[in-house]
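In: Here's a sequence, model it:
(2 chains)
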Amino acid sequence: MTNRLGDVYRRRYEKILVPIASNLEKFLEEYLHGRPRIDRISVRAKTPTSFLKKAMKEEHGKREYDDPLGEIQDQIGARVIVFYTSDVRPTSQRLRRYFRHIEMSNKEPKSEKEFGYFGKHFILALPDDVIPKRIKLTEAPKVFELQVRTLFQHAWSEAEHDLGYKPRRKLTKMEKRKFAFTAAQSWGADRIFQDLHDVLKKRGK
Amino acid sequence: MPISRIHSYLVHPSKNEKKPPVIGGIQIPHSGKLFGMLAKIDNSALSECDIDIVFRPKANGKQENDCRDLMLAYLAKPSLPLGRAIALRLQGVTTKRSGLGLLFLIAGQDQHGLRLLISRFPAETGVMAEEHGQTINVEFVEKVFMKSARSYKSALFRCTSIQAGFWDGLVVDRQMIDTRGSADYWTREFLDSNLKNTAAAGTKRVAVALQEALRATTDPVVRQELINASQLMPGRHGQITSAKKIVQDLSLTPSAAEAVESAFVRPELYDSTFKFDRKEFDACLLFRSVELDNGVVLTAENTSFGDVIHEERPSQGSKTRFTTEGNIVSERLRKSR
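Out: Numbers count the residues shown, from 1 in each chain, chains lettered A, B, ... in the order given. Got it, this is the predicted structure:
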């Protein structure tokens, strides 16, 4: 099953997802044009390796996805990185003017005593405009994932993903604490930059 | 495409009623004239349902929708009780104005996977005439259900599997384009969905296509027609429409219509439904500029260009004279146009 699914997805990745991702990036740039303090906008098609890994995921001895091609919603993933925490809301609002969402969530640690990943996530309907003419609408994914994060949320999440998300062994308590510490530092940096931005902006008036 | 089950329910208007009537339903056998008619409707659903919708998530942003859940439950195991739950939902939003309706649920499969077609036929009144030799019997009949061209509604949902489900679908709502109220009843209230195009996205798409058509055309008559159209379009604020409908309503010539149609990145988008948003349109096409071969550039707001800049074409020659008057409020030197 893995081989067949892998082949199907590889073809889908090259012929359908990569061209759509490229168009979507330009589309998002156009829609967010004029919004201040956007560091970058990027869109990627989920790589075949990453897709297969997710598709084969098991929970309690059972595959999480019966129909991975239909169920996995981040085959196309977009990120909008903004400078400060106060930029997340207006940027999200601008995006909601142009895209229909089927999910919107603020990702944050469950307990207020914890530090970890923070970010605003959406599952949005993929507009037909970004699907090249040669691709049938029925072949394209119906939705894509979009994350809006600050620079520090993004920096922390990228490093954490690289080091901690797929470890070869279980993390020790100390390692977990170190991850939490860096998350707290990022959260703190976001707060301080936001405060500085607010104060300096007021003084500038 | 193979139809697995058809159920039908009589849906009375019961919005805000404390004791809604019991809903009668039946499974339609896979033979006979009625089946033939429904199979035909099912076959043409894809071309008939041409308005893209998306289910709404819960108010807390969760990826959940009660109407979608009912439909997926029915599609997973089409049965009279599971279909009745959908009919009950429709009954709860049906007002006396919408009236009595006959609901059909058609579950089946096509080359892409599973599909569910939901159709509502409104009740009509009519006269039945039967021949008896040289005389006829005429009789007034109520509760005649017709696929009325005026108020027939349908919704089509397709998915690769029940697990993947569907978040989008296609609807046809004959009343929708003309009266916005109907959109609320069928799309928003019953299906708990929105148009797939947001007002801003749909309007911006049309404005960009118009801009592109203007840039691409070399025909001065078509250009003038498109400029005139752009000045009239803001008057459609709040209307549910499509580029095709706007072009038809403004009676653009075939050349101008073709210029607009070919400016869309995909042909389907020309007839894609959205709610016109004047603010978005103005933001895209706020100014109109005319550049002359003597280096002069005239710019004014698109909607008032003709009011503030007077245009004259002397009978001799190809030149145009523009005149305007006003108080100078600023004067600038710029690097570029």
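In: interface residues of chain A facing chain B?
Out: Residues of chain A found near chain B (CB under 8 Å from any CB of the partner chain) are A:65-67, A:69-71, A:96-105, A:123, A:125, A:127-129, A:131, A:133, A:137-138, A:142-143. C-beta: built from backbone N, CA, C; applies to glycine.
In: quick one: the strands in chain A?
Out: Using DSSP state E, the strands found in chain A span residues A:38-45, A:58-59, A:62-63, A:76-82, A:101-107, A:119-125, A:143-150.
In: residue contacts, A:E64?
Out: A:K57, A:E58 (CB atoms under 8 Å, 6 or more residues apart in numbering or on different chains).
In: For it, grab phi and psi.
Out: Main-chain dihedrals, A:E64, degrees, to the nearest 10: phi -70, psi -30.
In: JSON lines please, covering the strands of chain A and showing distance to B:I309 and mean pLDDT.
Out: Written out in JSON lines, the entries for these read as follows (distance: least, CB to CB, whole Å; pLDDT from 0 to 100):
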{"stretch": "strand A:38-45", "distance to B:I309": "37", "mean pLDDT": "98"}
{"stretch": "strand A:58-59", "distance to B:I309": "68", "mean pLDDT": "89"}
{"stretch": "strand A:62-63", "distance to B:I309": "67", "mean pLDDT": "90"}
{"stretch": "strand A:76-82", "distance to B:I309": "41", "mean pLDDT": "98"}
{"stretch": "strand A:101-107", "distance to B:I309": "43", "mean pLDDT": "96"}
{"stretch": "strand A:119-125", "distance to B:I309": "42", "mean pLDDT": "97"}
{"stretch": "strand A:143-150", "distance to B:I309": "43", "mean pLDDT": "98"}
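In: B:T273: neighbour count?
Out: 23 (other CB atoms under 10 Å in any protein chain shown).
In: List the contacts of the closest residue in space to it that isn't next to it in sequence.
Out: The spatially closest residue to B:T273, leaving aside those adjacent along the chain, is B:I51, at 4.5 Å (CB to CB, 6 or more residues apart in numbering or on different chains). For B:I51, the contact set (CB under 8 Å, 6+ apart) comprises B:L170, B:V171, B:V172, B:D173, B:M176, B:T187, B:L195, B:T273.
In: Quick check on B:I51: phi, psi?
Out: Dihedral pair for B:I51: phi -110, psi 120, per degrees, to the nearest 10.
In: Pairing partners for it in the sheet, please.
Out: Per DSSP bridges, the residues bridged to B:I51 are B:V171.
In: circling back: filter the residues of chain A next to chain B to the buried ones?
Out: By the neighbour-count criterion of 16 or more other CB atoms under 10 Å in any protein chain shown, the residues of chain A next to chain B include these buried positions: A:65, A:67, A:69-71, A:98-105, A:123, A:125, A:127-129, A:131, A:142-143.
In: wait, isn't B:R223 in contact with B:Q211?
Out: No - checked against CB atoms under 8 Å, the pair B:R223 and B:Q211 is beyond contact range at 11.9 Å.
In: Without its sequence neighbours, what residue ends up closest to B:D282?
Out: Distances taken as CB to CB, 6+ apart put B:P234 closest to B:D282, at 6.5 Å, once the chain neighbours are dropped.
In: Run a quick neighbour tally on residue 42.
Out: Chain wasn't specified; assuming chain A. Taking other CB under 10 Å as the definition, A:S42 ends up with a neighbour count of 12.
In: could you do chain B instead?
Out: Look at B:D42: counted by other CB under 10 Å, it has 23 neighbours.
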